[in-house]
Every structure is written in C-alpha cells, then in structure tokens.
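# next comes the sequence, and after it the predicted model I'd like to discuss.
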Amino acid sequence: MQEYDLFVIGGGSGGVRCARIAAQNGARVGIVERRHWGGTCVNIGCVPKKLMVYAAEYGRSVDDARKYGWDASVHGHDWASFIASKDKEISRLNGIYVSLLEKAGVDLFTGEARFIDSETIEIGPSPLEPNAKPQKIRAKNIVVATGSTPTKPSIPGAEYGIVSDDAFHLEERPQRVAIIGGGYIGVEFAGIFAGLGSSVDLIYRQEHPLRGFDDELRTHLSEQLPLYGIKAHPQKTPEKIEKTETGYALHLEGGAVIEADCVFFATGRHPRIENLGLEKAGVVVKDGRIPVRIINSATNVPGIYAIGDVTAMYNLTPTAIAEGHLLAERLFGQAGREWSFATTPKAVFFSQPLASVGLTEEEASKNHKIDIYTSSFRPMHQTLSGREGRAFMKLVVDSESQVVLGAHMAGPEAAEIIQGLAIAVTAGLTKRDLDRTIGLHPTSAEEFVTMRTPTRHVGG
C-alpha cells in the first residue's frame, strides 16, 4: 500500500493546482483522475465552449466585413472540421496538465476512487482504465475535487435530451435546437448554435435569463436575444419529450409544442460524489454537497478537505484553483497568500458577452444607499455594418463613501473590460478615482470613466 502526505481525488483545475503546489513545497503527493486530465473546464466546459463561441462569431464577422469593403461571404460551417480542430487542442491541453504534474513530482493514477475509511482510498477501474486492478492508497490528508456533472429534470422522455457534455461531441450540428435552461450554459449554447446557423428556442422558468445577475443586465439580455435569432420562451417549463418521425416534440406547460432535432438540457449541475464512499469516511453531505469551512476547505473529518464544485461555495474554475492553491500552502507551505473571493468576476460568453463584478443593484440596496450610473449606446464597430443591438454598462456606487460596489456590462469585450474593473472593485476604489482616470479613446471601456451623472439614487 502506497502512502502519501496528500492525495487528491480529481484531476481538474482545482485538484491539479492543489497537488502541484503541495509537491513543490516538499510533500509526497498522489492524484487520481477517472476520465479527463484537466477536468470539466478543459475538456467539456469553458475551454471548448469558448472555442465554439469563436466559431460562431467568425460567421457574423465575415458577414459584417462586407460593409467594411471586404469581398467576403459565408458559405456554411464545416462542423466536422471544427470539432476535429477542437479535439486536437483539447488533447494538447490534456498533455500539458499531465506534464505539469509529472514535473512537480506528483504520482498520477487513473481510475475510480472511493473511500475505505478516513485515511484509505481504493482505486478501481474507470473509463480511462477499464481493466485496471484495484489498488489501495493511504494518506494523511485527502482532498475531494471531483467536480460536478449535468443534471437532467425528471420528465417523461428525458432520455431523448442531451446535456452540455454531449454537445462537444455531436457528429453533426442539429438544425433545430430547443435549449431548456436560462443560466450560463443555456444562454451561451443558444448563442453558439444560432451563430452557426441553427434555429434556436430557449426555454426558461423566470421572466429573464441569468438568475443571480443584476436585474437590469438580465432585462437587457432579454431584449437582445431576438437580434441573434433566438426565440425566447420565458416563464415556461418543459412537461415531456416525444420522439417523432422528424425529430422530437418538446411539450411545454400551457400546451405549446416545439419541434426540434435536438433537445438540450442546461438545467444545472450537481456534485459528482455519489460513488465516493464518503459515508465510510464519515464525511457529512448536505443537500448533495460537501459542507466545508470557508477558511481552510476542511470537512467535518480531520484530514479530509473538499474544493471546487463539490462544495456549496463558488463553483467556478478560478475559485477552485484559488481554493486548491490556498489549501496546499496552508498544509505544506507558508500561509499568507489571499484572494478576494467576494469580488470574483463572472462572465457569460454569449454572442453579446455579459460580465459582472461585485454587488448587483438588488444586493447593494439591501444595506447601502446607492447611486446608479448607466449608459447604453451603439458600439462603434456596428456603425458601418448596420448590425442591431446596444451595449449596456452600469456602476453601483455607495452614496456616502462613493466606493464602487459593483460593475456590470453587456457588449463587445465585456469580460476583458470587467476583468480590469475587478481590480478597482477589489481595491475599494471610489467613483472619484474612476472620474479622474482619463479614458482611452475611442473604446467602449472609456464609458466607465466618463459616466458623470447618476441615473438614479436608491435607498434612503
């Protein structure tokens, strides 16, 4: 039986960072992965999805180029060629993750891991190693970093639908796509398929997509969806899916029926912990997640930790990486590094990207008197192309201290711009600091430093 100072279950972004940093600090470290080195983000998540977004946007760019004098035209999209290129890039990234671990001196295992007790792990066969012989590992410290998996609703005919994992490996692009869910994944894939030429229906339960984002930003998105060829069905829930001679019939509450070649469930994700044997280790699970202490990612069992999507924390790739890094340094290095999790920026890579950092207007107004600054304008690159749609920007500012509590944007390069503003929000800079910053002209970003008059005051 091999013994380690630290053993990590899950080779995703958070688990790999934790293993690497621990090994670089002198710990003897092992890590096991059942399916994809690099985890969901690298293989069936944010990286390939961003490549799909690029693919969809190239078609619009070529179309716009004619108005800028280019003799260009779009003659359709070669899905198979694109998927092959995407797979090649993902394979390259897989190799990089493995190389990073090996160079750090981490022992790699492939297989399905489960707890025997609080200090012992058994590794058995998995999709990567179907014929592997079981082996046992003992470790003083064990980290659960197994990530999450898509959730399907329990409706008749759910077996006919796909989830995001499947979308990256479709043999051909469906012409008619019905996407159920108005979160990150639903909105992003709606933009992807519409941009590649599919007819897209987007179904969600609330009045506007992207629950949890600023309400004004959500309203703006609802207004933009039709401009990108997406038919929205707000405040609707699916009742059943039936197979037909030409595809599938998705039945919605109220009697509406959507004919589709592909029904895509974007109805959330849940932690992948069901086969880990956590009960044998005594680890508490609540509402399907592993509760941990914010300060050190510790579970209720000494020596067992959890990071990333398996917890009830932030569930984003960058936060999982930060959690893994901090944990490794606390256990084997010098503590002292910190990240501002409360001001973690987030982005939705829709055809018109959206991004946010800090508090929404709704969150801020609960405890602050606030000034709201907004701006809506037609992006400059659309002036010659004639493409419809407007950019939207918003600042949430504390009325008394003038500290910028939040920044929100929908429009070209929103994620890149908000990443810069995240520094300002994290540093607690004031509206006065933004006002005394000279804008870079002509850019969309300069609008954030030229909004002088509040749109409205809220609270008090």
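Alright, I've got the coordinates. Numbers count the residues shown, from 1 in each chain.
# please count neighbours and contacts with C-alpha atoms only from this point.
Fine.
# show me where pLDDT drops low in this protein?
Along the chain, segments meeting pLDDT under 70 span 460.
# pull the longest helix from it.
Longest among the helix segments of the chain by residue count, using DSSP state H, is helix 79-103.
# how about it: buried residues?
Going by neighbour count (16 or more other C-alpha atoms under 10 Å), the buried part of helix 79-103 is 83, 86, 89-90, 93-94, 97-98, 101.
# can you show me the helices along the stretch 301-450 of the chain?
Remark: helices assigned in the stretch 301-450 of the chain by DSSP state H, counting those that start in this stretch are 317-332, 361-364, 382-385, 414-427, 431-435.
# among those helices, show me which one is buried the most.
helix 317-332 (a mean of 22; mean count of other C-alpha atoms under 10 Å).
# picking up where we left off before, list the helices and strands the longest helix of the chain packs on?
When contacts are defined as 3 or more C-alpha pairs under 8 Å, 6 or more residues apart in numbering; DSSP states H and E, helix 79-103 sits against helix 13-24, helix 39-44, helix 46-65, strand 107-110.
# quick one, that helix and helix 13-24 angle?
With axes from the mean of the first three to the mean of the last three C-alpha atoms, to 10 degrees applied, the angle from helix 79-103 to helix 13-24 works out at 20 degrees.
# what's helix 79-103 in contact with?
Helix 79-103 is contacted from outside by 16, 19-20, 36-38, 42-43, 48, 51, 55, 107-108, 168-169, 171-173, using C-alpha atoms under 8 Å, 6 or more residues apart in numbering.
# if we go to 7 Å?
For helix 79-103, contacts defined as C-alpha atoms under 7 Å, 6 or more residues apart in numbering pick out 20, 37-38, 42-43, 48, 172-173.
# ok, what's across the strand from Glu242?
Ala249 (DSSP bridges).
# count of neighbours near it?
Neighbour count for Glu242, taken as other C-alpha atoms under 10 Å: 14.
# check contacts around it.
Counting by C-alpha under 7 Å, 6+ apart, Glu242 touches 157, 248-250.
# if you set the cut-off to 10 Å instead, what comes out?
Neighbouring residues of Glu242 by C-alpha atoms under 10 Å, 6 or more residues apart in numbering: 156-158, 160, 248-251, 259.
# residue boundaries of the strands in the stretch 251-400 of the chain?
Secondary structure of the stretch 251-400 of the chain (DSSP state E, counting those that start in this stretch): strands at 257-260, 262-265, 269-271, 304-306, 346-348, 354-358, 370-377, 391-398.
# determine the set of other helices and strands touching the fourth one.
Going back to what we said before, that points to strand 304-306. strand 2-9, strand 135-144, helix 317-332 (3 or more C-alpha pairs under 10 Å, 6 or more residues apart in numbering; DSSP states H and E).
# helices or strands up against the helix or strand just after the second one?
It refers to strand 135-144. On the C-terminal side of strand 135-144, the closest following helix or strand by DSSP states H and E is strand 148-150. With contacts taken as 3+ C-alpha pairs under 10 Å, 6+ apart, strand 148-150 sits against helix 39-44, helix 164-167, strand 269-271.
# now the strand or helix carrying Lys240 against strand 248-252, angle please.
In this structure, Lys240 is located in strand 238-243 according to DSSP H and E. Computed by the same axes, to 10 degrees, the angle separating strand 238-243 from strand 248-252 equals 160 degrees.
# closest one to Tyr184 among the strands of the stretch 251-400 of the chain?
strand 346-348 (5.8 Å; C-alpha to C-alpha).
# what pairs with the closest one, parallel or antiparallel?
Strand 346-348 pairs in its sheet with strand 354-358 (antiparallel), by DSSP bridges.
# now do the strand it pairs with against helix 414-427, angle only.
Using the same axes, to 10 degrees, strand 354-358 lies at 0 degrees relative to helix 414-427.
# how about strand 354-358 as PDB, C-alpha atoms only?
The C-alpha coordinates for strand 354-358 follow below in PDB (Å, rounded to 0.1, in the frame of the first residue of the first chain):
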ATOM      1  CA  LEU A 354     -22.000  39.900 -20.400                       C
ATOM      2  CA  ALA A 355     -19.800  40.300 -17.300                       C
ATOM      3  CA  SER A 356     -20.100  41.400 -13.700                       C
ATOM      4  CA  VAL A 357     -18.100  42.000 -10.600                       C
ATOM      5  CA  GLY A 358     -19.200  43.000  -7.100                       C
END
